[in-house]
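the sequence and its predicted three-dimensional model are supplied below.
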Amino acid sequence: MPRTGVFICHCGTNIAGTVDIDKTVEASRNFPGVVHADEYRYLCSEMGQDIITKAIKENDLDRVVVGTCSPRMHENTFRKAAAEAGLNPYLLEVANIREHCSWVHKDMEEATPKAIALLRAAAAKAALNEALEAPRLDVEKRALVIGGGIAGIQAALDIAEAGYEVDIVEKDPSIGGRMAQLEKTFPTLDCSACILTPKMVEAAQHPNINLLTYSEVDEVKGFVGQFDVKIRQKARYVDPVKCTGCGICWEKCPSKAPSEFEMGLSKRKSIYVPFAQAVPMVPVIDRDSCLYFRKGRCQICEKECPPQAIDYEQQDEIIERRYGAIVVATGFDQLDPTIYGEYGYGQHPDILTGLEFERIFNASGPTGGKVVKLSDGKPPKKVVFIQCIGSRDKARGMNYCSKICCMYTAKQAILLKEKVPDAKSYVFYIDVRTGGKGYEEFQRRAAEEHDVAYMRGQVGKIFPEDDHLVVRGIDSLTNRNIEIKADMVVLAAATVARGDAPELGRLVGINSDSYHFFNEAHPKLKPVETHTAGIFIAGACQAPKDIPETVSQASAAAVKAIGLLSKEKLQGEACTAEVIQSDCSGCLNCEAICPYTAITPVEIEERYKDGVLKRTVAEVNPALCQGCGSCAVTCRSGSINLKGFSNDQIMAEVDAICLQR
Amino acid sequence: MSAALNETAGGWEPLIVSFCCNWCSYAGGDLAGTSRMSYPVNVKVIRVPCSGRMNPMFVLRAFQRGADGVLVAGCHPGDCHYTSGNYQSRRRLSAFKRLVEFAGFEPERFEVRWISSSEGDKFAEEMTSITEKIKALGPNRKMRDARWQSVTSKV
Amino acid sequence: MTTETGKSRLIEDMKMHSGQDPNGCYQCGKCSAACPVSAALDLKPHQVLRYLQMGLENELAESKTPWVCASCFTCAARCPRDIDLARVMEGLRLSILRNRGGNKFGPAELTPEQLEKLPQQALVSGFRKYNK
Amino acid sequence: MAERNVESVNKVREAVSQDLLGGRIDLLLGWEKGHYWWQSRPLFARSEADLEKLAWDSFCAVNLSRYLLEELKDHDKVGVLVKGCDARAFNRLLQDNMVRREQVILYGLPCPGMLDYNRLVEKAGGAPLEITEENGRVIIKVGSGEQEAQRDDLLLDKCKDCRYPDPAVYDQLLFSPQGEKEVTERFKTVEELEEMSAEERFGYWEKELSRCLRCYACRQACPFCSCRECFVEQENPRWQGRAYQPSENFMFHLVRAYHGTGRCIDCGECERSCPVDIPLQELNRKLIKDINELYGDYEAGLDPEQEPPLLTYRPDDPAAFSEK
């Protein structure tokens, strides 16, 4: 019979407030196998853990049940305390009498019997716990960064600096991401390319960093320390080794297509690099618009290319590599404001989103840096900025605040004043949110020194009239309706998750919230980790954020990855499946459904009458098994069992929990 | 026999056993706790690593031991920490639910729900709704193991 | 006139009739910006929501806005907080009507013969509307 | 069927004796006449003399593939006569890795359907002495004379709803195939039970299952029950009490049926071998009907390569519960 010790935590008043601690301790004394019961105000504290360690030694307990908060919170803390007393940590069981009892049931009369029932179940399970050892797994000393924007580049640089190999997988032909599309960055107004390009070059030249551009992740298998990843390197039809980036091919190329980098505002050639400072400076051929691939004609690029780097026969290449850690930094998209008919986006060339307006400022942008109306090429006199397009909108948009729009609108208003001195800016806002370092001062400069009229209120309707746009808004401070005959309207559209984020999440094995932003392991304490060990997230793919925050998250994710890669061995999952080979009939249904291919057939010999019988049975590789337990259910005879959540333990829990109301 | 039922002073109170998957639904329950939501005390949660770990025999065992309702909660398809646990349990528990209904259990007795770790409110809602439905249905006598109840109610 | 819990009777009635909760509004003013009859309103729609939030029932009772509102739903279609302002205005109109002048009549004022002849349904809805 | 019977038995014996006596197989599983004239029980033929007793008539209902589980431990190569359902039972064992294909020679027998002795007794109004069969009609000799009936009316339940009389897998096919049969009433009883209310259904099954004396004949006869130690006999955990009382009977039969999800070949041996005539096949058929409805038609045992429904999934599978 096990010698079980039950320890109940007050958790200050969190538990003691609605659960009668003394009655629970008394009731615990007569659970089967319980020889010691105690309670303390804060069991997770130093003092509390000492009480447990001391009690284990004094009463030579071989099982411990702790009635406290959720096992997801402090199971490890108490397991360490048990280990200190020389008890195998897996002989300890936690009963969740806080989140699942005292916090959700206000009446002590009701909450106490429930707490007792939960403790009885935990004691019944603990009695059947076995001492377990977590397998030690080796760690592949290489990291994978998915996404080549500033987040991916920064994370890769930090990991590479720590001496580990890093592969960056970037979907576009060049790294740089969203930041490459910006003209200036707030709050310092320094030129985006000037601070980004050196980082891109540094990443390209860093010996430990391997750039896989124009590539996508096809498949991720395995688990922390041993991720087996298939990367599809799409065919560029240009040999990166030979190509010198001289640019003759995209000069001579006759056919054009809308440029994704310029948000479709201008065209690019069929063989192209997305922007002038592209890294690597190797073009790709866009099959859909290239005359050769569409009609088998032209081939000018092949003829004109000095180093003969064009190769039309190039095929997609699948690279298979193993990684110890993965950082997902896939960035964000901007909401398409066509869902708001009242703003008329998409029906008039002078109604733009913030990112499109940013391109107009850019020297290599569609208007060569001259700020002019796309309709008639004249400089705008009146520009209206409208905030919260799709953000803070429960009805048709995103219910969250996109955090960066107030700042980039102020920045664009300042840039407009510098480029077109007699232009007048109006900003319709609900609340200006500029909380970062130096942000408020920057925004006030826009309002005070650059003559930007901030109007507190939304815009209800925009429609073209003669050669300008009528903007109908309101100033809710004076309660006056306002009508502006604007030359140009800039919509601060919401930051939204990438369209393919759910797909990538499912592929990599991390889940996302209802807006498809990836879920962090803990909003406050683990912002860059995910629920899947070994996979970290950084930047706008986790939630809207600005560059400073993105860079700090990137470095945080890098440190988490480095912490993982620096380990000699990793502790694997202790609660793994195990086959009782004498019972196993060899049907191998378990092998068919195991998501981690951790189960393999093996030949065994058994005594049978006077001879020996050879037969096949299943065998679990504890290093691969992640403990999901699906095999234990598909096995009809229960010959494969999951340690830590075994059949008899769960049956004992059901019996105990149904016993006392 | 009726004394052995879950009789309490205020009249019959249903017993609901809920198997929650550790990564999503159990965490959803934790969130319901941290957000101080409330749901009936009749529900008692047993943590399993994944809804794929749910052996239908645990459900029948609960009914035998006097449970009036069983709720299995797992991650939304596509969110499973083990990639395919809930895909498999969706088929298994769908077939099993139809079988127990065929054997005479009311559909409300055994239910399955997908509850994510960010749906604390849904967790509380589902626990409240199953308790009310079972309260309306009345105690479950089907598959109740009379011997076990009378033996143990003295303890 | 406030209810026992110190809330304004007019506003509570409005909420009950319209099923809309004015607290959802964060005063972005988009309704007033788009309202076609905004010029003719003494209180712009977003102001009506603010007065409801502040409980200024007398100003609401005197305001012309609920009666000028043409229920064209331009505001409701645009509200980012999903508040149906058209129903708010309708609720406001109903509660203003019903609270004006307090009790019209109750069961005590009716003679037995009248109670005899009048259809039950009319009596009950009458009491509900005009008997506060 | 009688004269054709003698001729057909000789055809079978001849096909089999070459292999048995030639040493290609060390055991042949067939049928022999049992204690009563209306009984054909399994024959374990090892020699010429055993083959004499071979029988192939309208009472060979026993599923021979099930015996392979034991016999293949002692014999390297076994021959077995397989009707439609026996062949699908063999595929079941193959898919569960209980047998290796090269260990077994299958002699295919397209099956005309086996007769139900109780129906003979009912039709004859007394204990029948003997029957003769000609082109689809059965003449029953009974003390006071003769009765005649359509053969199809006297079939066993499991043969009435049989869609695949021809063996799905065989090495030699001894007779010409009968072709797939049109079956309309396979789920009739299931649908009738589904119409009932929950209380009525529970009443129905409580009455039926209360007769179960847990002799486990159904498990012994079943091709998909191939566990080395059945969950009912396990002690740790003790899934199942030993007493036969309502909750334990329900537990055993519901769990056994659930274990057959996507694996039961609907051969009806469980119902036929149940000494107290519990309609066990309806539980399995309910699961077959639901799997067909939810996850696409699947006929267990027809094609061993096809993935069984519970061992695979599709991300957009429907569910029998609300997924809101």
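Sure thing, it's come through.

and chain C, which of its residues are near chain A?
By Cβ under 8 Å from any Cβ of the partner chain, the residues of chain C that approach chain A are C:26-35, C:38-39, C:44, C:46-47, C:74, C:78-82. To be clear about C-beta, it is placed using only N, CA and C from the backbone, and glycine gets the same treatment.

for the stretch 101-250 of chain D, just list every one of the strands.
D:104-108, D:128-134, D:137-142, D:145-150, D:172-173 (DSSP state E, counting those that start in this stretch).

remind me which residues of chain C are low pLDDT?
Across chain C, residues meeting the criterion (pLDDT under 70) sit at C:1-6, C:100-106, C:126, C:128-132.

so what are the domain limits for it?
What automatic domain parsing lists as the domains of chain C is C:9-101, C:104-132.

could you identify which of those is most buried?
domain C:9-101 (a mean of 19; mean count of other Cβ atoms under 10 Å in any protein chain shown).

strands along chain B, start to end?
B:7-8, B:11-12, B:16-21, B:43-48, B:69-74, B:110-114 (DSSP state E).

where's the most centrally placed residue in chain C, which helix or strand?
Nearest residue to the geometric centre of chain C (Cα atoms, centre = their mean): residue C:92, 1.6 Å. Residue C:92 is located in helix C:85-99, with elements delineated by DSSP states H and E.

quick one on the thing from earlier: ok, the residue nearest to the residue nearest to the centre of chain C when sequence neighbours are not counted - contacts?
Counting by Cβ to Cβ, 6 or more residues apart in numbering or on different chains, residue C:66 is the residue found nearest to residue C:92 once chain neighbours are left out, at 4.4 Å. Residues counted as contacts of residue C:66 (Cβ atoms under 8 Å, 6 or more residues apart in numbering or on different chains) are C:48, C:60, C:89, C:92, C:93, C:96.

make sure I have this right: the second one is in a helix.
Spelled out, it's residue C:60. Yes. Counting by DSSP: H, G, I helix; E, B strand; the rest coil, one finds residue C:60 located in a helix.

from chain B, how far off is it?
33 Å (Cβ to the nearest Cβ, to the nearest Å).

that residue reaches residue C:91, doesn't it?
No. Residue C:60 is beyond contact range of residue C:91, at 11.0 Å (criterion: Cβ atoms under 8 Å).

returning to that earlier point: ok, which of the strands of chain B comes nearest residue A:213?
strand B:110-114 (38.0 Å; Cβ to Cβ).

SS state for residue A:5?
When classified by three-state DSSP, residue A:5 comes out as strand.

just put the domains of chain C in CSV and tack on distance to residue A:56.
Converted to CSV, the domains of chain C look like this (distance: least, Cβ to Cβ, whole Å):
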stretch, distance to residue A:56
domain C:9-101, 54
domain C:104-132, 69
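
residues near the residue in chain B that chain D sits nearest to, how many?
Nearest residue of chain B to chain D, counting by Cβ to the nearest Cβ: residue B:104, 2.5 Å away. The tally of other residues near residue B:104 (other Cβ atoms under 10 Å in any protein chain shown) stands at 22.

so it makes contact with residue D:193?
No. Counting by Cβ under 8 Å, residue B:104 does not reach residue D:193; the two are 9.5 Å apart.

overlap in contacts of these two?
Shared contacts of residue B:104 and residue D:193 (Cβ under 8 Å, 6+ apart): D:201, D:204.

nearest to residue A:395, out of the strands of chain B?
When the strands of chain B are compared (using Cβ to Cβ), the closest one is strand B:110-114, at 25.8 Å.

is chain D contacted by that closest one?
Yes. Strand B:110-114 is in contact with chain D by Cβ under 8 Å from any Cβ, via B:111, B:112, B:113, B:114.

packing partners for the longest helix seen in chain D?
Counting by DSSP state H, the longest helix found in chain D is helix D:2-21. Under the contact definition 3 or more Cβ pairs under 8 Å, 6 or more residues apart in numbering or on different chains; DSSP states H and E, helix D:2-21 sits against strand D:27-33, helix D:48-52, strand D:54-55, strand D:78-82, strand D:104-108.

what's next to the shortest one, contact-wise?
Think strand D:54-55. D:9, D:12, D:13, D:16, D:30, D:31, D:32, D:33, D:40, D:43, D:45.

ditto for stretch D:148-164
Contacts of stretch D:148-164 (Cβ under 8 Å, 6+ apart): D:61, D:84-85, D:88, D:111-116, D:119-120, D:123, D:133, D:136-140, D:180-181, D:183, D:185-186, D:266-269, D:271-272, D:281, D:299, D:302.

in PyMOL, select just the buried ones from those residues.
Listed next is the PyMOL selection for buried residues among the contacts of stretch D:148-164, using 16 or more other Cβ atoms under 10 Å in any protein chain shown:
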select buried, chain D and resi 61+84+85+88+111+112+113+114+115+116+119+120+123+133+138+140+186+266+267+268+269+271+272+281
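
among the contacts of stretch D:148-164, name the ones in helices.
Using DSSP H, the contacts of stretch D:148-164 in helices are D:84, D:85, D:88, D:119, D:120, D:123, D:269, D:271, D:272, D:281.

for residue A:419, see how far away residue A:371 is.
4 Å (Cβ to Cβ, to the nearest Å).

just give the nearest non-adjacent residue to residue C:110, would you?
The nearest residue in space to residue C:110 (Cβ to Cβ, 6+ apart) is residue C:118, at 7.4 Å.

and that neighbour, its phi and psi?
Phi and psi for residue C:118, reported as degrees, to the nearest 10, are phi -70, psi 140.

next one: it from residue C:107, what distance?
11 Å.

please apply the same query to residue A:104.
With Cβ to Cβ as the criterion, residue A:104 and residue C:107 are 46 Å apart.

walk me through the domains of the chain.
As the question left the chain open, I've gone with chain A. If you go by automatic domain parsing, chain A breaks into A:4-128, A:142-331+A:500-565, A:333-496, A:577-643.

oops, chain D please
D:2-113+D:164-173, D:117-152, D:188-311.

who's in contact with residue A:602?
A:616, A:617, A:618, A:619.

hang on, the second one in a strand?
Right, the one you point to is residue A:617. Yes. Judged by three-state DSSP, residue A:617 forms part of a strand.

give me the neighbour count for the residue lying closest to it once chain neighbours are set aside.
Nearest residue to residue A:617, sequence neighbours excluded (Cβ to Cβ, 6+ apart): residue A:584, at 4.1 Å. Counted with other Cβ under 10 Å, residues neighbouring residue A:584 total 24.

OK, contacts around residue A:501?
A:330, A:512, A:516, A:517, A:518, A:541.

of those residues, closest to chain D?
residue A:512 (15.5 Å).

just checking, the closest one touches residue A:503?
No. Residue A:512 is beyond contact range of residue A:503, at 10.3 Å (criterion: Cβ under 8 Å).

comparing the two, which shows the higher neighbour count?
Applying other Cβ under 10 Å to residue A:512 and residue A:503 shows that residue A:512 carries more neighbours, namely 21 against 12.

where's the more buried one relative to residue A:501, distance?
From residue A:512 over to residue A:501 (counting by Cβ to Cβ), the distance is 6 Å.

residues shared between the contacts of those two?
With Cβ under 8 Å, 6+ apart, residue A:512 and residue A:501 have common neighbours residue A:518.

which bits of chain A sit near chain C?
Close to chain C, as judged by Cβ under 8 Å from any Cβ, chain A has residues A:342, A:388, A:392-397, A:430, A:456-461, A:472-476, A:479, A:481-482.

circling back: tell me the most buried of the strands of the stretch 101-250 of chain D?
Greatest average neighbour count among those goes to strand D:104-108 (a mean of 21), per mean count of other Cβ under 10 Å.

contact partners for residue 258?
No chain in the question, so chain A it is. Residue A:258 sits in contact with A:264, A:266, A:267, A:268, where contact means Cβ under 8 Å, 6+ apart.

I was thinking of chain D, sorry if that wasn't clear
Applying Cβ under 8 Å, 6+ apart, the residues near residue D:258 are B:56, B:95, B:96, B:99, D:287.

can you narrow those residues down to the ones near chain C?
Okay, of those, nothing touches chain C (Cβ under 8 Å from any Cβ).

turn the residues of strand B:110-114 next to chain D into CSV, columns for pLDDT, neighbour count and distance to chain A.
Below are those laid out as CSV (pLDDT from 0 to 100; neighbours: other Cβ atoms under 10 Å in any protein chain shown; distance: Cβ to the nearest Cβ, whole Å):
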residue, pLDDT, neighbour count, distance to chain A
B:111, 96, 22, 17
B:112, 97, 26, 14
B:113, 96, 26, 16
B:114, 96, 27, 12
